[in-house]
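pasting the structure only:
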């Protein structure tokens, strides 16, 4: 922790965040992060790399983005959460999308959904799928 900043990050004020950025050599970002967006300790801990890359912060220097992410993660590493609510609020992803888990690459796992034996439904040994009439001229009812 920089010498000008004391106490737990969760108690940092905007002025403490400013001092932290300055000690890191990132004083050029104090105006946007501290003055414009009023980032204090708890808000600082919730910043993710995507927040630095996208508006409203939209930092343009990749090295600065990566350094800030590194130092943010350093702050988070030894963080002691005072209660479950605080831990939940600081550790939940704020992204607006979720990434689906990749499908198992094993064809054996696909056997219930993929039938390579024939394109004709009648020879696969399964009941043909229900089709709505009139949707496709070449579809069998």
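Happy to help now that I have it. As the structure is a prediction and not an experimental result, all values here were calculated from the model.

residue 80 contacts residue 8, doesn't it?
Yes: here residue 80 reaches residue 8: they are 7.4 Å apart, a contact under CB atoms under 8 Å. Placement of C-beta: from N, CA and C, glycine included.

more neighbours, these two?
Taking residue 80 and residue 8 together and counting by other CB atoms under 10 Å, residue 8 has the greater number of neighbours (13 against 8).

what's the distance between the more buried one and residue 81?
Separation of residue 8 from residue 81 (CB to CB, to the nearest Å) stands at 10 Å.

could you point out the longest helix in the chain?
Secondary structure assigned by DSSP state H gives helix 62-77 as the longest helix of the chain.

just checking, what packs against the helix or strand following that one?
For helix 62-77, the following helix or strand on the C-terminal side (DSSP states H and E) is helix 84-91. When contacts are defined as 3 or more CB pairs under 8 Å, 6 or more residues apart in numbering; DSSP states H and E, helix 84-91 packs onto helix 41-46.
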